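*Asks:* compute the structure for the input listed below.
(2 chains)
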Amino acid sequence: DTEVTQTPKHLVMGMTNKKSLKCEQHMGHRAMYWYKQKAKKPPELMFVYSYEKLSINESVPSRFSPECPNSSLLNLHLHALQPEDSALYLCASSQYGRGPYEQYFGPGTRLTVT
Amino acid sequence: LAKTTQPISMDSYEGQEVNITCSHNNIATNDYITWYQQFPSQGPRFIIQGYKTKVTNEVASLFIPADRKSSTLSLPRVSLSDTAVYYCLVGDNNDYKLSFGAGTTVTVRA
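*Replies:* Numbers count the residues shown, from 1 in each chain, chains lettered A, B, ... in the order given. From the prediction side, this is the model:
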């Protein structure tokens, strides 16, 4: 199984809502990532987890809160978002020790903040 | 992280070979060169990675000259389904801050 799954596919939320994005992989990868991608722009790294611990936070606003409950699951909790946070949110994973460059990406969650 | 420069866009026709060159003048000794492909509204997909000379897999070839200051991704006999954005990334495999550049939009026409 070389698949990263993400749910939901689409999400519309108001600025006062709280929602969560979910990412799952069963490849035994111990590094997991969250990216944000705006239209016609490259993906931007948000967070990196290594062995379920947050190792990189790219100065992401606190309204985005990542969580890694176990080695297969990665969540992104969303609260009090702004319309400019509307984007495609991508999750990825890679084998720890093989470097970050061979990453497996999920299909993304298309988030719209109204 | 080494900065990369790629053409913004390239056009091709079905059956042709497409070559995308990426410049990375300040590549470091420990850096690898990696290419990803991304279709609209999908996550990027790893295509190929190399360190020097030539690497080939079932999808593409990667040519890296001796000075490693550039690299060329070669897509043989493209089809309409190869229309996508192609990203060149350069970095140390111990640095987890993966950074995507602007990418090259390849459009394949019939």
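
*Asks:* so what's B:R77 closest to, chain neighbours aside?
*Replies:* Of all residues not flanking B:R77 in the chain, B:G15 sits nearest, at 5.5 Å (C-beta to C-beta, 6 or more residues apart in numbering or on different chains). C-beta here means a position set from N, CA and C on the backbone, and glycine is covered the same way.

*Asks:* just say helix, strand or coil for that neighbour.
*Replies:* Following DSSP: H, G, I helix; E, B strand; the rest coil, the label given to B:G15 is coil.

*Asks:* what does A:Y101 give?
*Replies:* Using three-state DSSP, the structure places A:Y101 in coil.

*Asks:* residues in contact with the lowest-mean-pLDDT helix or strand in chain A: which ones?
*Replies:* The weakest-scoring helix or strand in chain A, judged by mean pLDDT, DSSP states H and E, is strand A:53-57 (a mean of 91). Applying C-beta atoms under 8 Å, 6 or more residues apart in numbering or on different chains, the external contacts of strand A:53-57 come out as A:L45, A:M46, A:F47, A:V48, A:Y49, A:P66, A:C68, B:Y96, B:K97.

*Asks:* quick check: phi and psi on the residue nearest to B:R77?
*Replies:* phi 90, psi -10 (degrees, to the nearest 10).

*Asks:* got a list of what it touches?
*Replies:* Taking C-beta under 8 Å, 6+ apart, one finds B:R77, B:V78, B:S79 in contact with B:G15.

*Asks:* please enumerate the strands of chain A.
*Replies:* For chain A, applying DSSP state E gives strands covering A:4-7, A:10-13, A:18-25, A:31-37, A:44-50, A:53-57, A:64-70, A:73-79, A:87-94, A:104-105, A:109-113.

*Asks:* for the first one, packing partners?
*Replies:* Under the contact definition 3 or more C-beta pairs under 8 Å, 6 or more residues apart in numbering or on different chains; DSSP states H and E, strand A:4-7 sits against strand A:18-25, strand A:87-94.

*Asks:* look up how far B:N30 lies from the residue nearest to B:R77.
*Replies:* 38 Å (C-beta to C-beta, to the nearest Å).

*Asks:* isn't B:L80 up against B:F39?
*Replies:* No: counting by C-beta atoms under 8 Å, B:L80 does not reach B:F39; the two are 11.7 Å apart.
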